[in-house]
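Undergrad: Turn this into a structure:
(chains A and B)
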Amino acid sequence: MADVFTAAALAILAATAFGLFRVLRSRIAVERMMAVQLLGTGGVAALLLLGAASGVAATSDAALLLMLFAAFSCAAFTRGEEDTPDEDPQPTKEKT
Amino acid sequence: MTLLFDLALVAWLIALAGHIAMTREDRNAIVAFIAFGLLLGLAWVRLSALDVALTEVAIGGGVTGVLLLSAEAHLRKPLAQDSAQDRPHDGRRRLGNVGTIAAALASAAVTAGLALAVLALPTPAPTLAPVAAAALDTTGLGNPVTAVLLAYRALDTLLEKVVLLLALVGVWSLAPDRTWGGAPSLAPAVAPEPLVYLARVLPPIGVVIAVYMFWVGADAPGGTFQAGTVLAAMWLIVMLAGLRQPPDTAHRVLRLLLVGGPALFLAVGFLGFFIADGFLSYPEPIAKPLILGIEAALTLSIAATLAMLVAGPAQKAPEP
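TA: Numbering: from 1, shown residues only, chains lettered A, B, ... in the order given. As a prediction, this is how the structure comes out:
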């Protein structure tokens, strides 16, 4: 059973990895921040599966913190973001 | 199967590190660095170092991210004003090539040195783990990491907390004279609506998690530093959303909170001369209550210190 859990964790890790690199290379700043949220979700799933595979209960505590700080980093991203609106909207204005 | 998982994790970590190093724009690199911190937590879990994993997720993925993003926003402001002259960019580029090569060489040397050091270890690596586990009963704790931090090597932990305070003094002293003792400013003029919502929903959950982290630290992975970091993050999110303003840096309650943990730790340390064997030693019957008391005070101090470190130097004149 442990092998099945680890295999599932590996599959989630791989899916998150490909998604992450795709999102990290996005040209829109907010989308790049979504990479961290993606890692939060994928990481929590992988951690819970690993915890079930190894039988170490405290692994779910790590998952708990990962969830909390992935959400927190969203708030962190607003830091300094108020100065940037003149960077991003301009190209879109030119396009339209 | 676990080997395959570990290899994939290592490959991913290296690829992400490469991405951070190659990214041109600072802000993108910082966002990728936050992701790297969270991922590194996963690697520490695989190494069975859950206490380190929790700290890495909280510090590397959380608080460092907000600190770096603030610093980047601060640096960008003067650059934008001088952009007509374009001088900073030129200087940076000229320094860039030489600097990048030097940094890459230095990093490679450190990595190679670390690899050699690890490979040179004797096969049963020298360890004090059995001794630490054997003496665990005398502390009344169940988590050997907490026992090392607050009993066996309490002096290191005490000095570490004092270093945190020194760092805060360093940050605060960057404030100009007219704002000395005033409040730092964190929230933007208009906080985005989703952030305000998040700042209302997340802290109640976060505070419960922090109390849990503190309490479980005695017997399982967790402890003061993780709990303090979670509390700091929750306070920061409330301040970032502008729901509560940061306190004046000269505020008496804040200062007491900052000094309280290390002061209590030091006081109990000196008490050891009279009620136990010497400095920072606890009498065996009340070792656990003493340790928990110190941890509780330290958690609050760490939370206040980390939050004020991120909030930065005072930017408003103090209220009379």
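
Undergrad: quick one, what contacts residue B:65?
TA: A:73, A:76, B:30, B:33, B:34, B:37 (C-beta atoms under 8 Å, 6 or more residues apart in numbering or on different chains). Heads up, the C-betas are built off the backbone N, CA and C, glycines and all.

Undergrad: If I follow the layout properly, the last one ends up in contact with residue B:55?
TA: No - the pair residue B:37 and residue B:55 fails to qualify as a contact (C-beta atoms under 8 Å) at a distance of 10.4 Å.

Undergrad: Let me see the ranges of the helices in chain B.
TA: Using DSSP state H, the helices of chain B run over residues B:2-22, B:26-46, B:50-55, B:64-81, B:87-119, B:129-134, B:136-139, B:144-147, B:154-172, B:193-216, B:224-240, B:252-275, B:287-311.

Undergrad: now do chain A
TA: Using DSSP H, helices in chain A cover A:2-24, A:29-54, A:59-77, A:89-95.

Undergrad: List just the one of the ones you listed that sits closest to chain B.
TA: Between chain B and the helices of chain A, the tightest spacing by C-beta to the nearest C-beta is seen for helix A:59-77, at 3.6 Å.

Undergrad: how about that closest one, does it get close to chain B?
TA: Yes - counting by C-beta under 8 Å from any C-beta of the partner chain, chain B has neighbours in helix A:59-77: A:59, A:61-62, A:64-66, A:68-77.

Undergrad: what is the mean pLDDT for that helix?
TA: The pLDDT scores in helix A:59-77 average 89.

Undergrad: Also stretch A:14-29?
TA: In this model, stretch A:14-29 carries a mean pLDDT of 85.

Undergrad: hmm, who's touching it?
TA: A:31-32, A:34-35, A:38-39, A:41-43, A:46, A:81, A:84, A:88, B:8, B:12, B:15-16, B:19, B:27-28, B:31-32, B:35.

Undergrad: Ranking the helices of chain B by mean neighbour count, which comes first?
TA: Most buried of the helices of chain B by mean neighbour count (mean count of other C-beta atoms under 10 Å in any protein chain shown) is helix B:224-240; its value is a mean of 26.

Undergrad: for that helix, packing partners?
TA: Judged by 3 or more C-beta pairs under 8 Å, 6 or more residues apart in numbering or on different chains; DSSP states H and E, the packing partners of helix B:224-240 are helix A:59-77, helix B:50-55, helix B:193-216, helix B:287-311.

Undergrad: Would you mind pulling the contact partners of the second one?
TA: In other words, helix B:50-55. A:56, A:58-59, A:61-62, A:65, B:41-42, B:44-45, B:143, B:145, B:213, B:221-223, B:225-226, B:229.

Undergrad: picking that back up, include distance to residue B:203 when you put the contacts of residue B:65 into CSV, please.
TA: As requested, these are exported to CSV (distance: C-beta to C-beta, whole Å):
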residue, distance to residue B:203
A:73, 15
A:76, 15
B:30, 24
B:33, 25
B:34, 20
B:37, 21
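
Undergrad: and which of those is nearest residue B:76?
TA: residue B:30 (11.8 Å; C-beta to C-beta).

Undergrad: I'd assumed residue B:66 was in contact with that closest one.
TA: No - Residue B:30 is not in contact with residue B:66 according to C-beta under 8 Å; the separation is 9.8 Å.

Undergrad: Overlap of the contact sets of the two?
TA: What both residue B:30 and residue B:66 touch, as defined by C-beta under 8 Å, 6+ apart, is an empty set.

Undergrad: Give me the spatial nearest neighbour of the residue nearest the centre of chain B, chain neighbours excluded.
TA: In chain B, the centroid-proximal residue (C-alpha atoms, centre = their mean) is residue B:59; its distance is 4.0 Å. Leaving aside its chain neighbours, residue B:59 sits nearest to residue B:229 (6.1 Å; criterion: C-beta to C-beta, 6 or more residues apart in numbering or on different chains).
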